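Visitor: Need the 3D shape of this:
(chains A, B, C and D)
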Protein chains: 2
Amino acid sequence: MADGGALPKAQITRRLILEAAASLFRQKGYAEVSLREIAQLAGVKTGSLYYHFESKESLVEEILTLGTQGAFEASRDAVAALGAAADPVDKLEAAFTAHARFLLEKEDFASANLKILPQVPPAIRERHVRQDREYATFVAAIIDEIADAGRLGPDVDRTLLRMLCFGALNWSISWFDPKGRSPSEIAAQLMILIRRGALASPS
Amino acid sequence: MADGGALPKAQITRRLILEAAASLFRQKGYAEVSLREIAQLAGVKTGSLYYHFESKESLVEEILTLGTQGAFEASRDAVAALGAAADPVDKLEAAFTAHARFLLEKEDFASANLKILPQVPPAIRERHVRQDREYATFVAAIIDEIADAGRLGPDVDRTLLRMLCFGALNWSISWFDPKGRSPSEIAAQLMILIRRGALASPS
DNA sequence: GTCTATACTCAGATAGAC
DNA sequence: GTCTATCTGAGTATAGAC
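Guide: Residues are numbered from 1 along each chain as shown, chains lettered A, B, ... in the order given. Down below sits the predicted model:
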């Protein structure tokens, strides 16, 4: 038998390195993590990293890509599952819930992302912001759907709304506790705010 | 004349160093900034830093303290200005507006704070989280006031509400543009969400 | 592909002159 | 108080054996 279906053996180590790096970056930030540490956690020696990656920078760049793409895909899939004709507010809820879950319970790539993006060398950051923009456009389109149906409050700024919501969700990695509220509950609480505010009767 | 009222001359340099450090930390993060850079921006030589601070860690610790205390005081003063009998929802708005303004337009201490806190050595972080908790307690009390008046929606989680709101505001340092929406407008938009949600009529 | 060993760079911190 | 000069350690990265 050929290796049909089997993992390209060489890539297993590569993946191990990526996961070790993502986990450490998430905990400690970019500059605080040394290649020695990454190598140790991945179970290889420091020099070996350079067979798989050109530099620390190229390693972190791949992690950023995996994180953003993962969150975007999770979000897009969740929305697609509702069907195009679904209530756009429900689409928003699906997107935010998927985002929160990917961010908080899936893997380290997405949370490493948020943590290290501001610390990473500018050239890398710029390239990455472009990927992130695609994701933002996707969510903006859902909000446009809501607005086009005349269902957005008159003094609501669409961009600001999107920014505040993503901020609320993204910031949760700094206080999230696996033993407390679940990612879905967090997203649900945000949707309460959107759907009818926090007050019992509007003031 | 004695030096009555004059700045304790020795402390001017100290303040210069703190401001230089805060500005650099805010832009680049904790580990990415060297003491040499800080010294240069402050207009002194590297060795001189050690006359004023024991270590890089003690320097960053003081910045964290200045940032959190500043935001807390700005917030508390704004609320106090309304008087104790004011509508608690208005108090919340005053607190969030002051927070956003301090964060986005005042100085570098508060924004440096949010950027570097996750990167700083654990011992320092723990000490600092304690200060931050006082601020959180203050805002939590306002939310309790609202709830005690029976004005909070039935399925609203007070803690989650506070976390999401601070997240939305704090995250804004990553996208804030001085030429775009002002800090007050950002806080106002958040208050719209709280007061009656983003939708024209609740769904 | 992965190892060992090491070159090179730059960080934080210190000592002592002024 | 601030300077110059320097120490020590750690980090990224490379070379070459296996």
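Visitor: quick one: contacts for the residue lying closest to A:Asp108 once chain neighbours are set aside?
Guide: Take A:Asp108 and drop its neighbours on the chain: the residue closest to it by CB to CB, 6 or more residues apart in numbering or on different chains is A:Ala22, 3.9 Å away. C-beta coordinates here come from the backbone N, C-alpha and C atoms, glycine included. Counting by CB atoms under 8 Å, 6 or more residues apart in numbering or on different chains, A:Ala22 makes contact with A:63, A:66-67, A:107-109, A:112.
Visitor: Let me see the confidence value for A:Pro118.
Guide: pLDDT, A:Pro118: 86.
Visitor: cool, and A:Ala10?
Guide: If you check A:Ala10, the pLDDT there is 72.
Visitor: before we move on, what about the one 10 residues further on?
Guide: The pLDDT attached to A:Ala20 in the predicted structure is 96.
Visitor: I'd guessed it sits against A:Arg36; true?
Guide: No - using CB atoms under 8 Å as the test, A:Ala20 is too far from A:Arg36 to be in contact (11.5 Å).
Visitor: Compare those two (neighbour count), which wins?
Guide: A:Ala20 (20 against 11; other CB atoms under 10 Å in any protein chain shown).
Visitor: in what helix or strand does that one lie?
Guide: Using DSSP states H and E, A:Ala20 maps to helix A:10-28.
Visitor: Off-centre distance for that helix?
Guide: With CA atoms, centre = their mean, to the nearest Å as the basis, helix A:10-28 stands 16 Å off its chain's centre.
Visitor: Just give me the neighbour total for A:Arg121.
Guide: Careful, residue A:121 is Pro; it's not Arg. Applying other CB under 10 Å, we find 14 residues neighbouring A:Pro121.
Visitor: What segments of chain A are helices?
Guide: Using DSSP state H, the helices of chain A run over A:10-28, A:35-42, A:49-52, A:56-80, A:88-101, A:108-116, A:122-148, A:158-171, A:183-196.
Visitor: Wait, A:Glu145 touches A:Lys91, no?
Guide: Yes - shown here, A:Glu145 and A:Lys91 form a contact pair, counting by CB under 8 Å, at 7.2 Å.
Visitor: In terms of neighbours, single out the busier of those two.
Guide: Between A:Glu145 and A:Lys91, counted using other CB under 10 Å, the more crowded position is A:Lys91 (23 against 18).
Visitor: which residues does the more buried one contact?
Guide: Neighbours of A:Lys91 in contact, by CB under 8 Å, 6+ apart: A:79, A:82, A:142, A:145.
Visitor: Can you say which two of those residues are spatially most distant?
Guide: Across the contacts of A:Lys91, the longest distance by CB to CB is 12.0 Å; it joins A:Leu82 and A:Glu145.
Visitor: Next, A:Phe176: phi, psi?
Guide: For A:Phe176, the backbone dihedrals (degrees, to the nearest 10) come out as phi -60, psi 140.
Visitor: That one: what's it in contact with?
Guide: With CB under 8 Å, 6+ apart, A:Phe176 has these contacts: A:104, A:183, A:186.
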